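Undergrad: have a look at this prediction, sequence included:
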Number of protein chains: 2
Amino acid sequence: MSEKNLILDAVANKAERSPVWMMRQAGRHLPEYREYKERYTFLELCKTPDAAVDVSLQPLRRYDMDGVICFSDILVPLEAMGMELDFNPGPVFAKPIRSIEDYRALEIPPVETNIPHIFETLRLLKQELKGKGKALLGFTGAPFTLASYAIEGKTSKNFESIKSWSYHSPDTLKEILEGLADLVADYVLAQQKAGADLVQIFDTWAGQLSLEDYREFAAPYTKRIIDRAREHNLPITLYINGGSHLIPAMVECKPDVISVDWRLHIRDYLKMIPEEIAIQGNLDPAQLFAPPEQVREKTLEILEATKHRSNHILNLGHGILPTTPIPGVEAFVDTALNFKK
Amino acid sequence: MSEKNLILDAVANKAERSPVWMMRQAGRHLPEYREYKERYTFLELCKTPDAAVDVSLQPLRRYDMDGVICFSDILVPLEAMGMELDFNPGPVFAKPIRSIEDYRALEIPPVETNIPHIFETLRLLKQELKGKGKALLGFTGAPFTLASYAIEGKTSKNFESIKSWSYHSPDTLKEILEGLADLVADYVLAQQKAGADLVQIFDTWAGQLSLEDYREFAAPYTKRIIDRAREHNLPITLYINGGSHLIPAMVECKPDVISVDWRLHIRDYLKMIPEEIAIQGNLDPAQLFAPPEQVREKTLEILEATKHRSNHILNLGHGILPTTPIPGVEAFVDTALNFKK
């Protein structure tokens, strides 16, 4: 059973104040994280549970946030499929999927087999957090984003390969997306079994799709995961950076939480997201570079605008930036902790 | 005086069919352009009027489009300010603007002085196009995008420097934006004098701004240029990739044409753009990788949706991609030429 915590309260539409955490909170903006990076590569960190646990807990030692996110990567499900991942410095796959035969030739083991370290990290984190009233958050890439990486082989600018595939052979692309959806569903449920209270799905590249293409090549596969998670009472957050045009289709996926970027004011996003879906966001991560008093004002603006809802989770509109000054983060978190609804 | 052409007809809301051209039509998707690139760097090409003229005309030799865009770069106004630009491979400024003193120390000559080659290219193109019924198109970066490059020094991912500046010292940033607006206004009017029938303003990075910040740090400076151009009857097109959330503020700038990306269907964009502003767009550039028959269908969908307006200009939603297959482009252009309103 999940312990009581404010993030789950927000999901249940009964949070007494907006809980707060930050995407990428465990990472480069912390000097103590940068020390780890002198000894470990990013992938080594992900694969060494003791270190990953420590790194996941680092932000909590500085800021009294309401959630801890497991240190990991959105591309883990592709590793679980046996695809060899490296960082150089962005993610690179030695053997991208170039044809449906490449995909069909993959022998996909049960999700626990290739990536046991993730679940070990989650189990250890669950013990560490016992009785502290903090949510343990898992995450994953969405099927469309995973397929983009698998097919493009690396971070792409224009996504010619996967889009081209969608025009020439939509059915075989859908076969891959379906397979990925099933794999990711297994993966998020395995995260729940290992202790995650909620899992956030990042569809990092979906903002490159038109609303029409998102509805065809991304939403149905994300929804398939959300539907399976719901059967197991696992809440799911859906996040797409640069996805303000996709909100109507994200709502149709019926996630428990929609995490919104900073491109529109939270007031505008609130109009698009029905009350039964919780909303997470949405300070521009660059705003943390402002003088702390200004960070406080801008954070208050979000908290005031969401005051009438008991299902708002305060977050940034995108991951915290590596050069963010600590006093900006402190102002952000403290404002949330001290806000009276 | 401008000769009659269909693009100007569309601006005047009386085009008998949707004229067609493509952003980045003169460039890497053409083998004859790639041949030039074996002999010239990008900057050398921009600065050699005979070569720039030839490259600008290359797409017209393959496709019977309605407009020719002058081969150049959006960052030219920064060069006109005396900032030294190089490409490596993206744009890099040796001495970015780090303080308001750096900016004030720039001695800005009249716009014609530092970049005479651009105007020479336009004059030569005007002669070449005489009597052919084609529009000659100029372009420039918008003040916010130019300031981003000048301050970040290169293509940025998160725009920490300029955003940070906007939080700590908005007034000095606005001093720079105002200076850039005046310079760009001079620049677009000088392009008109050299023969441009219309100038497109690219606010390449504005899609990274919230609607609120766009209204404060980008729109007023773009509007200043549009207002000055209007006094001289120079039509202006405004384009922001990833800017679907900014359309309300773009409309408030009152450009003659708004160029829209592919993230929403043209039907949705038509609802946001009043009839007195022409609309340009918006096939996903990746769509040209589809089988030609499918390119035709998707192009027809746009032409059908805009049939009731005499002020639609067919274009892509973003620049044509370097690996685009020629038959896809042919299908796109031919569909426009043969479409009966």
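TA: Thanks, I have the structure now. Residues are numbered from 1 along each chain as shown, chains lettered A, B, ... in the order given.

Undergrad: all helices of the stretch 101-250 of chain A, in order?
TA: Under the criterion DSSP state H, counting those that start in this stretch, the stretch 101-250 of chain A contains helices at A:111-114, A:116-129, A:143-152, A:160-168, A:170-193, A:211-217, A:219-231, A:247-252.

Undergrad: and for the second one, what are the contacting residues?
TA: Contact with helix A:116-129 is made by A:46-50, A:52-53, A:56-57, A:68, A:70-72, A:76, A:112, A:136, A:138, A:190-191, A:193-196, as judged by C-beta atoms under 8 Å, 6 or more residues apart in numbering or on different chains. All C-beta atoms are positioned from the backbone trio N, CA, C, and that covers glycine.

Undergrad: ok, the third one next?
TA: Defining contact as C-beta under 8 Å, 6+ apart, one finds that helix A:143-152 is touched by A:74-75, A:77-78, A:83, A:91, A:93, A:96-98, A:103, A:141, A:155-156, A:159, A:161-162, A:165, A:173, A:176-177, A:180-181, A:184, A:202-206, A:209, A:214, A:217-218, A:221-222, A:225.

Undergrad: just the CA trace of that helix, in PDB.
TA: Extracted in PDB, the C-alpha atoms of helix A:143-152 (Å, rounded to 0.1, in the frame of the first residue of the first chain):
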ATOM      1  CA  PRO A 143       5.900   4.900 -27.000                       C
ATOM      2  CA  PHE A 144       6.200   7.600 -29.700                       C
ATOM      3  CA  THR A 145       9.300   9.100 -28.100                       C
ATOM      4  CA  LEU A 146      10.800   5.700 -27.600                       C
ATOM      5  CA  ALA A 147      10.100   4.800 -31.200                       C
ATOM      6  CA  SER A 148      11.600   8.100 -32.400                       C
ATOM      7  CA  TYR A 149      14.900   7.300 -30.600                       C
ATOM      8  CA  ALA A 150      14.800   3.700 -31.700                       C
ATOM      9  CA  ILE A 151      14.300   4.600 -35.400                       C
ATOM     10  CA  GLU A 152      16.300   7.900 -35.600                       C
END
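
Undergrad: angle of it against helix A:170-193?
TA: 120 degrees (axes from the mean of the first three to the mean of the last three C-alpha atoms, to 10 degrees).

Undergrad: and helix A:143-152 with helix A:160-168, angle?
TA: If you take the same axes, to 10 degrees, helix A:143-152 sits at 110 degrees to helix A:160-168.

Undergrad: now the angle from helix A:143-152 to helix A:219-231?
TA: Going by the same axes, to 10 degrees, helix A:143-152 makes 130 degrees with helix A:219-231.

Undergrad: what mean pLDDT does helix A:143-152 have?
TA: On average, the pLDDT along helix A:143-152 is 96.

Undergrad: could you do the first one as well?
TA: The pLDDT scores in helix A:111-114 average 89.

Undergrad: and for A:Glu175, nearest residue in space, chain neighbours not counted?
TA: In space, and not counting its chain neighbours, A:Glu175 is closest to A:Ile100: 6.7 Å by C-beta to C-beta, 6 or more residues apart in numbering or on different chains.

Undergrad: for that neighbour, give me its contacts.
TA: So A:Ile100 contacts A:169, A:172, A:175-176 (C-beta under 8 Å, 6+ apart).

Undergrad: now rank the residues you listed by neighbours and give me the top one.
TA: A:Ile176 (23 neighbours; other C-beta atoms under 10 Å in any protein chain shown).

Undergrad: my guess is that one contacts A:Glu101. True?
TA: No - counting by C-beta atoms under 8 Å, A:Ile176 sits too far from A:Glu101 to count as a contact (11.6 Å).

Undergrad: follow-up on the earlier one: buried deepest among the helices of the stretch 101-250 of chain A, which one?
TA: Stretch with highest mean neighbour count among these: helix A:143-152 (a mean of 26; mean count of other C-beta atoms under 10 Å in any protein chain shown).

Undergrad: tell me the residues on the stretch 101-250 of chain A that lie near chain B, please.
TA: A:158-160, A:163-164, A:167-168, A:207, A:209-213, A:242, A:244-245 (C-beta under 8 Å from any C-beta of the partner chain).

Undergrad: now for the residues you listed, which pair is the farthest apart?
TA: Greatest spacing in these, by C-beta to C-beta: A:His168 and A:Ser244 (29.6 Å).

Undergrad: hmm, which of the residues of the stretch 101-250 of chain A next to chain B is lowest in pLDDT?
TA: Lowest in pLDDT among those is A:Asn158, which has 90.

Undergrad: for the residue nearest to that residue when sequence neighbours are not counted, give me its contacts.
TA: Distance criterion C-beta to C-beta, 6+ apart; nearest residue to A:Asn158, sequence neighbours excluded, is B:Leu321 at 5.3 Å. With contacts defined as C-beta under 8 Å, 6+ apart, B:Leu321 is in contact with A:158, A:160, B:29, B:285-286, B:288-289.

Undergrad: before we move on, what about A:Arg215?
TA: A:249, A:252.

Undergrad: what's the separation between it and chain B?
TA: According to C-beta to the nearest C-beta, to the nearest Å, A:Arg215 stands 11 Å off from chain B.

Undergrad: also A:Leu125?
TA: In terms of C-beta to the nearest C-beta, A:Leu125 sits 28 Å off from chain B.

Undergrad: one step back: what's the farthest-apart pair in the contacts of A:Ile100?
TA: Between any two of those (C-beta to C-beta), the greatest distance is 10.3 Å, for A:Ser169 and A:Ile176.

Undergrad: my read: A:Glu252 touches A:Ala219, true?
TA: Yes - taking contacts as C-beta under 8 Å, A:Glu252 lies within contact range of A:Ala219: 6.6 Å.

Undergrad: what is in contact with these two at once?
TA: In contact with both A:Glu252 and A:Ala219: no residue, using C-beta under 8 Å, 6+ apart.

Undergrad: and the pLDDT for the residue nearest to A:Glu175?
TA: A:Ile100 is given a pLDDT of 97.

Undergrad: which among the contacts of helix A:116-129 count as buried?
TA: A:46-49, A:52-53, A:56-57, A:68, A:70-72, A:76, A:136, A:138, A:190-191, A:194-196 (16 or more other C-beta atoms under 10 Å in any protein chain shown).

Undergrad: out of those residues, list just those in strands.
TA: Per DSSP state E, strands hold the following members of the buried ones among the contacts of helix A:116-129: A:68, A:136, A:138.

Undergrad: which one of those is nearest to chain B?
TA: A:Val68 (24.3 Å; C-beta to the nearest C-beta).

Undergrad: surely the closest one touches A:Phe139?
TA: No - look at A:Val68 against A:Phe139 with C-beta under 8 Å: they stay out of range, at 11.8 Å.

Undergrad: state the distance from A:Trp21 to chain B.
TA: When A:Trp21 is compared with chain B (using C-beta to the nearest C-beta), they lie 20 Å apart.

Undergrad: now do A:Gly141
TA: 19 Å.

Undergrad: and A:Leu198, how many neighbours does it have?
TA: With other C-beta under 10 Å as criterion, A:Leu198 counts 28.

Undergrad: was I right to think it contacts A:Thr237?
TA: Yes - if you go by C-beta under 8 Å, A:Leu198 and A:Thr237 touch, sitting 6.4 Å apart.

Undergrad: returning to what we had before: I'd like the ones in strands among the buried ones among the contacts of helix A:116-129 laid out as a markdown table, including distance to A:Val260 and pLDDT.
TA: Converted to a markdown table, those look like this (distance: C-beta to C-beta, whole Å; pLDDT from 0 to 100):
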| residue | distance to A:Val260 | pLDDT |
| --- | --- | --- |
| A:Val68 | 22 | 98 |
| A:Leu136 | 23 | 98 |
| A:Gly138 | 20 | 98 |
